[in-house]
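In: Next come a sequence and a model predicted from it.
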Amino acid sequence: MHLSRRGFLSMSLAAVPAWGREGTATAYLKPGDPGYEEARRPFNSMIRLKPAWIARCRTEADVIAAVRHAKELDLPVAVKSGGHAFHGFSLNEGGLLVELSGMANRLLEKGSQRFTAGPGLKLRDSYSWLMERGRILPAGSCGGVGLAGLTLGGGYGLFAREFGLTCDHLLEVRLVDGNGEVRDSRDEAELLWACRGGGNGNFGIATSFTFETRPAPVALASQRFTAKGLDAGGLARRLERWFEIAAALPDPCFSAVILNGSQATVLLTSTRPADGPAFRSAASACLKSGFTSKGALTRPLARALGSYEGRPGPLPFDNVSAGYYRSFQDLKSVAGGICATVRETPGLIFQVNTLGGAIARGPDSAYPHRDYPFLGELQAYWEKGEIPPKLAAGHAAVRRALADAGIRRHYRNYPDPRIADWQDAYFTGTYPRLQELKRKLDPDDRIRHPQSVRLPG
């Protein structure tokens with residue numbers, strides 16, 4: 001039987017189970033219940049927020065029921081898929097958490113190769129499932145990240161320069177708004193615009209994404225370069241030279257430079273062969289700049305991606321965006337100071353990644369930073385307990401230096417709760433439009449976190 005979208009939505013709403021009704025697919029947990037800590041647990045072990053209730057949703061109807069009950073009790077709602085929100089924005093204190101890890105369905109349409117997935121699908125599962133079918137959705141590299149949060153904030157990784165951001169591949173989205181009503185981007189084009197980089201936890205809970213996919217590359221070429229025992233000046237010179245080398249890379253190539261202690265490391269990858277002219281030229285330039293390397297490595301794509309999944313959590317850290325840059329000139333006035341701080345601060349990492357390429361040619365969206373070819377990250381890691389005072393001081397010093405250099409734009413998926421003007425930093429030029437959608441979809445500000453889109457006025 002064929003149903004119109006309006007008819008489908010009516011049936012969906014009629015099937016919504018009551019809160020806590022026996023036999024519903026959703027498990028509602030409170031502190032102390034078995035499974036509560038597992039459902040609450042964030043990737044950052046420093047986040048100790050405890051929701052009063054956790055709704056472990058398995059279907060869109062479960063999400064509707066949870067949001068409507070939160071509305072009845074006047075509870076704030078947080079949304080968690082992978083739990084990798086750096087500073088706990090996927091949790092709240094004393095509210096309702098809608099936990100989506102069980103909504104990990106996936107479907108690849110024959111012919112069109114459109115990929116429909118649930119919000120709880122993890123990147124490692126998305127990659128492996130699609131690669132078995134000869135396709136890929138360009139995304140990040142950390143395997144445990146949830147597809148929903150990554151997409152809604154932008155989503156870049158090794159393939160973004162060649163194919164575009166994850167959000168650029170988003171074709172359709174369904175979500176439950178702050179009133180517990182289903183919205184579909186096929187009926188509301190503004191919803192698709194906002195979900196392409198407008199951030200998560202703002203005005204609804206996404207329940208289904210449909211993406212364009214790409215043919216999966218057969219292999220990934222990579223090479224790592226290191227320069228050790230550097231003083232601050234040596235680190236700054238390697239950083240400047242990397243910017244020059246990276247600016248000349250063609251779209252199939254990705255690169256990052258990582259400063260950690262007295263060592264500078266460069267990663268270079270490509271979906272083209274390592275013996276191609278662009279890869280060889282970049283590698284030669286790195287070697288001439290004082291880096292050493294054990295040589296290039298070409299591996300089947302699935303095996304290569306597994307090596308970039310990162311350290312498993314939970315673990316303590318304080319990671320934030322270090323800003324967007326057009327070139328080294330944006331950092332030149334403070335590069336020496338940043339390098340000195342990193343060199344003298346164990347556990348502090350300063351990293352810059354390549355953007356540009358297809359990202360700059362992406363569709364109209366709430367993601368506003370397409371003309372910036374570089375993105376920085378500031379990371380702090382320690383073993384246990386609170387952040388060591390010296391590491392905290394170094395982290396703060398680098399953040400001040402970036403502000404002094406006039407770095408004002410930041411990546412929404414690497415939030416920093418200490419940014420005062422975060423609205424403009426994350427959503428330069430697009431924030432008022434996002435606010436209008438917030439007014440329409442969540443007029444009571446039900447779905448919120450410390451840096452969610454605010455209601456106008």
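Out: In hand now; what should we look at?

In: Now do the same contact list for His84.
Out: Contacts were defined as CB atoms under 8 Å, 6 or more residues apart in numbering; by that measure His84 touches Pro42, Phe43, Ser90, Cys142, Gly144, Val145, Gly146, Gly149. All C-beta spots, glycine's among them, are computed from the backbone N, C-alpha and C.

In: Nearest spatial neighbour of the last one, chain-adjacent residues omitted?
Out: When the adjacent residues along the chain are set aside, Gly149 lies closest to Asn200, with 4.9 Å between them (CB to CB, 6 or more residues apart in numbering).

In: re earlier: list the ones among the contacts of His84 that fall in strands.
Out: Counted as lying in strands by DSSP state E, out of those, is not a single one.

In: just to revisit the earlier point, hang on, the residue nearest to Gly149 packs against Leu147?
Out: No. Counting by CB atoms under 8 Å, Asn200 stays clear of Leu147, with 11.0 Å between them.

In: which residues does the residue nearest the centre of the chain contact?
Out: The centre of the chain sits closest to Leu150, judged by CA atoms, centre = their mean, with a distance of 3.6 Å. Contact analysis of Leu150 by CB under 8 Å, 6+ apart lists Gly82, Leu123, Ala139, Gly140, Thr166, Asn413.

In: between those, which has the most around it?
Out: Neighbour counts for the contacts of Leu150 were taken using other CB atoms under 10 Å; the highest belongs to Thr166, with 28 neighbours.

In: Give me the pLDDT value at the residue nearest to Met46 when sequence neighbours are not counted.
Out: Sequence neighbours aside, Pro316 is the residue nearest to Met46 in space, at 4.9 Å (criterion: CB to CB, 6+ apart). Pro316 is assigned 97 on the pLDDT scale.

In: And Pro316, how close does it get to Pro346?
Out: Applying CB to CB, to the nearest Å, the value for Pro316 to Pro346 is 14 Å.

In: repeat for Val266
Out: 21 Å.

In: again, but for Leu230
Out: Taking CB to CB as the measure, Leu230 falls 15 Å from Pro346.

In: before we move on, the earlier item: comparing Val266 and Pro346, which shows the higher neighbour count?
Out: With other CB under 10 Å as the criterion, Val266 and Pro346 differ in neighbour count, and Val266 comes out ahead with 25 against 15.

In: which SS class is the more buried one?
Out: strand (DSSP: H, G, I helix; E, B strand; the rest coil).

In: list the contacts for it?
Out: If a contact means CB under 8 Å, 6+ apart, then Val266 has Arg224, Phe225, Thr226, Trp242, Ser255, Ala256, Val257, Ile258, Cys286, Phe291 as its contacts.

In: Most neighbours out of the residues you listed, which is it?
Out: Of all the contacts of Val266, the most densely surrounded is Trp242 (28 neighbours; neighbours counted as other CB under 10 Å).

In: Would you mind giving the secondary structure of the nearest residue to it once chain neighbours are set aside?
Out: In this structure, Trp242 finds its nearest non-sequential neighbour in Val257, 4.2 Å apart by CB to CB, 6+ apart. In terms of secondary structure, Val257 is strand; the call rests on three-state DSSP.

In: my guess is Val257 contacts Gln351, does it?
Out: Yes. Applying CB under 8 Å, one finds Val257 in contact with Gln351, separated by 6.8 Å.

In: For Asn44, list each beta-bridge partner.
Out: Leu315 (DSSP bridges).

In: Tell me who's in contact with it.
Out: Shown in contact with Asn44 (CB under 8 Å, 6+ apart): Ala85, Phe86, His87, Gly88, Gly313, Pro314, Leu315, Pro316, Phe317.

In: Among these, which one sits closest to Lys50?
Out: Nearest to Lys50 among those: Gly88, at 10.8 Å, using CB to CB.

In: And for that closest one, the neighbour number?
Out: 22.

In: What pLDDT does the model give it?
Out: The pLDDT attached to Gly88 in the predicted structure is 96.

In: That one belongs to a helix?
Out: No. Gly88 is assigned coil when assessed by three-state DSSP, not a helix.

In: wait, isn't it in contact with Leu49?
Out: Yes. Here Gly88 reaches Leu49: they are 5.3 Å apart, a contact under CB under 8 Å.

In: re earlier: output the contacts of Val266 in CSV; the columns should cover distance to Asp444.
Out: Shown next, in CSV, are those (distance: CB to CB, whole Å):
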residue, distance to Asp444
Arg224, 50
Phe225, 53
Thr226, 53
Trp242, 48
Ser255, 45
Ala256, 42
Val257, 45
Ile258, 44
Cys286, 54
Phe291, 55
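
In: So which of those residues is the closest to Arg183?
Out: Using CB to CB, these come closest to Arg183 at Ala256, 36.8 Å.

In: Please tell me the pLDDT value assigned to the closest one.
Out: Taking Ala256 on its own, its pLDDT is 98.

In: Tell me which of the contacts of Leu150 fall in helices.
Out: Secondary structure from DSSP state H places Leu123 of those in helices.

In: and Lys228, what does it touch?
Out: With contact taken as CB under 8 Å, 6+ apart, Lys228 is in contact with Ser262, Gln263.

In: just Gly154 next, same as before
Out: Gly154 sits in contact with Leu165, Thr166, Cys167, Gly197, Tyr367, Tyr411, Arg412, Asn413, where contact means CB under 8 Å, 6+ apart.

In: Swap in 7 Å and give it another go.
Out: Applying CB atoms under 7 Å, 6 or more residues apart in numbering, we find Gly154 in contact with Leu165, Cys167, Gly197, Tyr367, Tyr411, Arg412, Asn413.

In: picking that back up, next one: the residue nearest to Met46 from Gly83, what distance?
Out: Distance, Pro316 to Gly83, using CB to CB: 15 Å.

In: quick one: which of those two has more around it?
Out: Per other CB under 10 Å, whichever of Pro316 and Gly83 has more neighbours is Gly83, with 23 against 17.

In: pLDDT at that one, what is it?
Out: Looking at Gly83, its pLDDT stands at 94.

In: how deep is the closest residue in space to it that isn't next to it in sequence tucked in, by neighbour count?
Out: Nearest in space to Gly83, with sequence neighbours left out and distances taken as CB to CB, 6+ apart, is Pro42 at 4.7 Å. The local packing count at Pro42 equals 22, with neighbours defined by other CB under 10 Å.
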